[in-house]
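[1] Sequence and predicted structure below; questions after.
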Amino acid sequence: MKALLLKDLNQWKEMKVEEIDKPTAGKGEVVVKIHAAGLNPVDYKTATGGNPNWTYPHILGLDAAGTIHEVGEGVTDWKIGDRVVYHGDFNKKGAYAEYGVTTAHTISRIPDSLSFEEAAALPTAGYTAYQALFRKLPMSSIDTILIHAGAGGVGGFAVQLAKNAGKTVISTASKHNHEYVRSLGADLVIDYKEDDVKEKVMAFTNGRGVDAVLDTVSRDNATASLDLIAYNGHIAHIAGAPDYLKVKPFTRVISFHEVALNAIHHNQDEVAERDLAKMGDELLALVAEKKVSPLIEQVITLEEVPETLVKLSERHVKGKIVCKIV
């Protein structure tokens, strides 16, 4: 099969499409003929730092959508030809290829109304946002939420999901992306480069602060966000934990929530792994109902992935980019 091959540590900019053996399905697994794969910052980040579980050449890519090509022993709920999407395990070979293999209990069925490209845009960014909002944060007791980097993949999905859940949404973004983030549902968008974020948030919330923050940026940004959270509020973080000591005990009693989607694969906990499929089902339904956009900004070829990952690494890309493979 054709695949985009990472030949060694930190050589992701030099990846080329070459021939490699097609995978086979083990017990409880399926082989998927991949039609589309989503690009994510985790691709170049893990390729730069490497993974001790990889053998080279390695195949990057966590988000795959396609049709089942082969079912392994013990798989009874799926058949050849089913349209599916999945979030892969970055310890294993990935989705920038004509075929990929994954566990049958982590895949979701793609509704007939959605394309493979729309489905492939969802897993890493969409499931992360979904996990943060509906697995970590107590959304029933949250009225106002600050979502950082609303023009990005995780932020863009989170803005839509929070607004769809009836919340008041504040987001941060570069000024040229404000109209875009507002179109996703944000009630207030703050220019993090030019504005005083704390001043804007406090003015908007009448000095109280927000009930929750979703930080997608950095440890420092998460720490700075602690000053924006109201009593008994929450922060969910995906890019590093804030400095907990900044909040004195017995004052605002903030709850902290780590979000790490790929950690599901590391614990060998099938109950947790099955939640990937459940989140996928729920998010796909929202997209099919036109309540959430898949945020696709660009569709590229497999050969264009390396140069596009470079653009992603420069952090000036909004929405989602998808690679069409077949």
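    Thanks, I have it.
[2] Now stretch 199-219: buried residues?
    Using 16 or more other C-beta atoms under 10 Å as the test for burial, stretch 199-219 gives 200-202, 204-205, 209-217. Just so you know, the C-beta spots here come from the backbone N, C-alpha and C atoms, and that holds for glycine as well.
[3] got the residue ranges for the helices in the stretch 1-150 of the chain?
    Counting by DSSP state H, counting those that start in this stretch, the stretch 1-150 of the chain has these helices, from start to end: 41-49, 116-120, 128-131.
[4] Same list (those) but as JSON lines, adding mean neighbour count.
    Formatted as JSON lines, these follow (neighbours: other C-beta atoms under 10 Å):
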{"stretch": "helix 41-49", "mean neighbour count": "18"}
{"stretch": "helix 116-120", "mean neighbour count": "26"}
{"stretch": "helix 128-131", "mean neighbour count": "26"}
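[5] Ok, which of those comes nearest residue 5?
    helix 41-49 (11.4 Å; C-beta to C-beta).
[6] Alpha carbons only: can I get the closest one in CSV?
    The C-alpha trace of helix 41-49 is given here as CSV (Å, rounded to 0.1, in the frame of the first residue of the first chain):
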residue,chain,number,x,y,z
PRO,A,41,-0.4,19.4,15.8
VAL,A,42,0.2,16.2,17.7
ASP,A,43,1.5,14.7,14.5
TYR,A,44,4.6,17.0,14.2
LYS,A,45,5.0,17.2,18.0
THR,A,46,5.3,13.5,18.5
ALA,A,47,7.4,13.1,15.4
THR,A,48,9.8,15.7,16.7
GLY,A,49,10.2,14.1,20.1
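[7] which residues touch the helix or strand containing residue 271?
    Using DSSP states H and E, residue 271 falls within helix 270-288. With contacts defined as C-beta atoms under 8 Å, 6 or more residues apart in numbering, helix 270-288 is touched by 85-87, 103, 105-111, 113-114, 118-119, 122-123, 126-127, 130-131, 134-135, 161, 164, 264-265, 292-294.
[8] Just the buried ones from those, in PyMOL syntax?
    Buried subset of the contacts of helix 270-288, written as a PyMOL selection, criterion 16+ other C-beta under 10 Å:
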select buried, resi 85+86+87+103+105+106+107+108+109+110+114+118+119+122+123+126+127+130+131+134+135+161+264+265+292+293+294
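[9] and the contacts of helix 270-288, which of them are in strands?
    Per DSSP state E, strands hold the following members of the contacts of helix 270-288: 85-87, 103, 108-109.
[10] Can you give the domain ranges for this protein?
    2-124+262-324, 141-259 (the TED database).
[11] Relative to the whole chain's centre, how far out is the first one?
    Mean-position distance between domain 2-124+262-324 and its chain equals 11 Å (C-alpha atoms, centre = their mean, to the nearest Å).
[12] And for the last one?
    For domain 141-259, the gap between its own C-alpha mean and the chain's C-alpha mean amounts to 17 Å (C-alpha atoms, centre = their mean).
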